[in-house]
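In: sharing a model that was predicted from the sequence below.
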Amino acid sequence: MSLINLVPKELRLKFSVASIVWAEKALETKLASIVDELQSESGPSLRTMRALLTAGSPSDMERKMLDMSSALSSIGVYLDQRNGSRLITEYGIAACSAAVGNALGVFLASITKDVA
């Protein structure tokens, strides 16, 4: 059995540039500050965790809206953060933190390129 099968499907998050931009707008801060907060000794606020869970697990409709917003940068996208709250309540902060950390690590690795 692979390790991914141990993670509930709902916590298999995936970030895109558009979803991270949405999280930055929702939290009114930059990605670097979000990462600093996640890595802080006290950990992230519930507000930050909820926003990242929401950004990493949008519904199909919300994903389409995020894709459209990245093409048309002037439109704002509303994502329903109740799902992020539900995930925290259902799975707990430790499982959600691990899911966010893993998905954010994958995202950051995908956009970080070595300059030769």
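Out: Alright, I've got the coordinates.
In: quick one: contacts for the residue nearest to residue 37 when sequence neighbours are not counted?
Out: Of all residues not flanking residue 37 in the chain, residue 44 sits nearest, at 5.1 Å (Cβ to Cβ, 6 or more residues apart in numbering). Where you see a C-beta, it was placed from the backbone N, CA and C, and this is true even at glycine. Residue 44 makes contact with 37, 38, 52, 97, 100, according to Cβ atoms under 8 Å, 6 or more residues apart in numbering.
In: what is the neighbour count of the first one?
Out: A count of nearby residues for residue 37, using other Cβ atoms under 10 Å, gives 16.
In: quick one: it from residue 109, how far?
Out: Plainly put, residue 37 is 20 Å away from residue 109 if you go by Cβ to Cβ, to the nearest Å.
In: check the third one too.
Out: For residue 52, the distance to residue 109 equals 17 Å [Cβ to Cβ].
In: the more surrounded of those two?
Out: Counting neighbours by other Cβ under 10 Å for residue 52 and for residue 109 shows that residue 52 has the greater number, 28 against 9.
In: so residue 88 sits against residue 94, correct?
Out: No: with contacts counted by Cβ atoms under 8 Å, residue 88 stays clear of residue 94, the gap being 10.3 Å.
In: more crowded one of those two?
Out: Higher neighbour count among residue 88 and residue 94: residue 88, with 17 against 9, using other Cβ under 10 Å.
In: quick one, helices of this structure?
Out: Shown for the chain, the helices assigned by DSSP state H span residues 17-27, 31-39, 46-56, 60-71, 82-91, 93-111.
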